[in-house]
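Visitor: Predicted coordinates and the sequence they were generated for:
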Amino acid sequence: MPELPEVETVARGLQREIAGQKILSVALGKTDFIDNPEALERELPGRTVVRVERYGKFLLLRLSEREDGQPGEGETALLVHLGMTGSLTPKVVREPQIKHTHVVMLLGDGRELRYADPRRFGRLAYLSGDSLSGELRRFGLDPLEMSLAEFAEKIHGRNARIKALLLDQSILRGVGNIYADESLWKAKIHPAQLGGRLKADRVKALYVALQAILQKAILLRGSSISDFLDAEGFPGEYQQHHRAYGREGKPCFRCRTPIRRVIVAGRSSHYCPNCQRAPRQRKKLRKRVKQRRNVKR
DNA sequence: CTCGATCCCTGGACGC
DNA sequence: TGCGTCCAGGGATCGA
């Protein structure tokens, strides 16, 4: 499942492989995961992929103006979310299409940029101008660019579980289930702990852990658990460094206590019951945290 | 604001 | 071998 490190890996690969390429044509298969398929067919041909960036879990293919296009439409981009099983890879035309290839963009150098996605949990959208900036504004801080103070402010006063806050893309953009669990394990915080009840030193530990883990995962080209491959078709290595995720029943790397798996925020959550101590009962907390937090701004 | 439930979708694991 | 069933999970949406 592509999260920030995997998407970063793909973005870097695509930047190297296809930046500067013009899109000559677009062919679509199933389109139920595309925001506006007609816009893709109409707008992409004739535009050049100026550069490829990561934005949270999105790939952002920045596009040039079309040569025949009207001026003043502002920035344009193709947003690609890989969902659970999406892949976006340049291939030579003679290479057979893998199953579930739904978008094929012919490039100026003769290759094809192909989007395949068996489960179609991904998303494609051509956006420009205000709709592009508006879409990007829906998302929160980049975990690698935020300061500790910014992170702390987002957590402060929140009554939701820390796991839910980490996964909330409007708070942080790019963290998914794997790196949430790994960060919480490293910072010794129970996933069901309420965000607003974390002490400053715990928030800092989480901030440090999150950034360290994401950076190391990027270095290792992400985690390949459900057949994730980067833009060149290589798997990542970070799955070999997982300490919590996918390790139910296996000994904690710190204390040998078996890792436990529970559902928190609707997602399976892996943690060490010894190192990551459970919060007290929700009901009590509810009453306790009765005083309102003031809305600033 | 926060929660859980539901849906989307396919492939892989598992049981018989 | 071949079925059926369950599950995984990011995100949107809805009702409590």
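Guide: Arrived safely.
Visitor: Per-residue pLDDT of A:Glu73, please?
Guide: A:Glu73 is assigned 74 on the pLDDT scale.
Visitor: er, A:Pro279 actually
Guide: 82.
Visitor: swap in A:Ser147?
Guide: A:Ser147 is given a pLDDT of 96.
Visitor: thought A:Leu106 was touching A:Leu24?
Guide: Yes: using CB atoms under 8 Å, A:Leu106 makes contact with A:Leu24 at a distance of 4.5 Å. C-beta coordinates here come from the backbone N, C-alpha and C atoms, glycine included.
Visitor: okay, those two: which has more neighbours?
Guide: A direct count of neighbours by other CB atoms under 10 Å for A:Leu106 and A:Leu24 places A:Leu106 higher, at 18 against 15.
Visitor: Which strand or helix spans that one?
Guide: For A:Leu106, the enclosing helix or strand under DSSP states H and E is strand A:101-107.
Visitor: and what of A:Glu6?
Guide: Counting by DSSP H and E, A:Glu6 is found in helix A:4-18.
Visitor: How about residues contacting that helix?
Guide: A:2, A:49, A:51-54, A:56-61, A:82, A:88, A:90, A:107, A:111, A:113, A:143-144, A:173-176, A:179, A:214, A:217-218, A:220-223, A:228, A:230-232, A:236, A:238 (CB atoms under 8 Å, 6 or more residues apart in numbering).
Visitor: quick one: the helix or strand that comes right after that helix to strand A:101-107, angle?
Guide: Sequence order places strand A:23-28 as the next helix or strand after helix A:4-18, per DSSP H and E. Put simply, strand A:23-28 runs at 170 degrees to strand A:101-107, going by axes from the mean of the first three to the mean of the last three CA atoms, to 10 degrees.
Visitor: Pull out the buried residues from strand A:23-28.
Guide: For strand A:23-28, a neighbour-count test (16 or more other CB atoms under 10 Å) marks A:23, A:26, A:28 as buried.
Visitor: what's the distance between the second one and DNA strand B?
Guide: Using CB to the nearest atom of the strand, to the nearest Å, one gets 21 Å for the distance from A:Val26 to DNA strand B.
Visitor: Please apply the same query to the last one.
Guide: Using CB to the nearest atom of the strand, we find A:Leu28 at a distance of 15 Å from DNA strand B.
Visitor: Kindly state the beta-bridge partners for that residue.
Guide: A:Val103 (DSSP bridges).
Visitor: Correct me if wrong: it contacts A:His102.
Guide: Yes: A:Leu28 lies in contact with A:His102 (CB under 8 Å); the separation is 6.7 Å.
Visitor: The strand holding A:Leu106 to helix A:4-18, inter-axis angle?
Guide: Going by the same axes, to 10 degrees, strand A:101-107 makes 40 degrees with helix A:4-18.
Visitor: DNA strand C contacts on the stretch 151-297 of chain A?
Guide: For the stretch 151-297 of chain A, the contact set with DNA strand C under CB under 7 Å from any atom of the strand comprises A:167, A:169, A:176-178, A:266-268.
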